[in-house]
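Visitor: This is a predicted model, with the sequence first.
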Amino acid sequence: MSLIPLVNAIRQCDVCKAHLPFPPQPVVQLHESATLLIIGQAPGLKVEQTGIPWNDASGNRLRTWLNQSTEDFYNKQKTAIMPMGFCYPGKGKSGDLPPRTECAPLWHEQILNALPNIKHILLIGNYAQQYYLKHSDYLRRYPTLTERVKHFEATPKPYICLPHPSPRNQYWMKKHPWFEQTVVPYLQQVIS
């Protein structure tokens, strides 16, 4: 399926509507010329309300890590965005619920096949890393998110593993200052 009909089909998807707190509103940003693909977890409540991916405090931090302006980040001809779960999953006891598991097997392969120019794929958070690296020796060697992020140079290409940029991860950031000292500069250099 070419990209325009695929995006239209995704936007009409309601496979998991019975499990969502709001009517489905799949959030993706795709263009066949994009060279960077960001795979996150699932839209948050603010993104659910606006329909704009990473339109929240997590997105602000992510754009800082990437050293990208808002204009470049939302230029779909440069940056493609697809989460593991395309719709807001709802609130849990300690933050948002995990991404719905229906989306990735249903849509990701089709999306990847329609994006021929992707050079780098950012796997943000454990859900994306577990899904995309599940058959690799890398995941066995580095079973935790922290180990995967720390060993960024050994990550199978085209992937780059990142922690989630959520303000809820402030403790992780403080505990691992090497991330902003070594991984962020590498990230900025690679995707520039």
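Guide: Perfect, thanks for sending it.
Visitor: from what I can see Ser33 touches Ala80, true?
Guide: No - Ser33 is beyond contact range of Ala80, at 9.3 Å (criterion: CB atoms under 8 Å). C-beta coordinates here come from the backbone N, C-alpha and C atoms, glycine included.
Visitor: These two: which is more packed in?
Guide: Ala80 (26 against 12; other CB atoms under 10 Å).
Visitor: any idea which helix or strand comes after the lowest-mean-pLDDT helix or strand in the chain?
Guide: Across the helices and strands of the chain, mean pLDDT, DSSP states H and E gives its lowest value to strand 95-96, namely a mean of 88. From strand 95-96 onward toward the C-terminus, using DSSP states H and E, the following helix or strand is helix 103.
Visitor: how about the helices in the chain?
Guide: If DSSP state H is used as the criterion, the helices of the chain fall at 3-11, 45-50, 57-66, 70-73, 103, 109-113, 126-133, 137-141, 145-150, 170-175, 178, 184-191.
Visitor: Out of those, which one sits most buried?
Guide: helix 103 (a mean of 22; mean count of other CB atoms under 10 Å).
Visitor: I'd like the average pLDDT over that helix.
Guide: Mean pLDDT, helix 103: 97.
Visitor: Over to stretch 23-35?
Guide: Average pLDDT, stretch 23-35: 97.
Visitor: again with stretch 153-165
Guide: 97.
Visitor: List the buried residues of it.
Guide: 155, 159-165 (16 or more other CB atoms under 10 Å).
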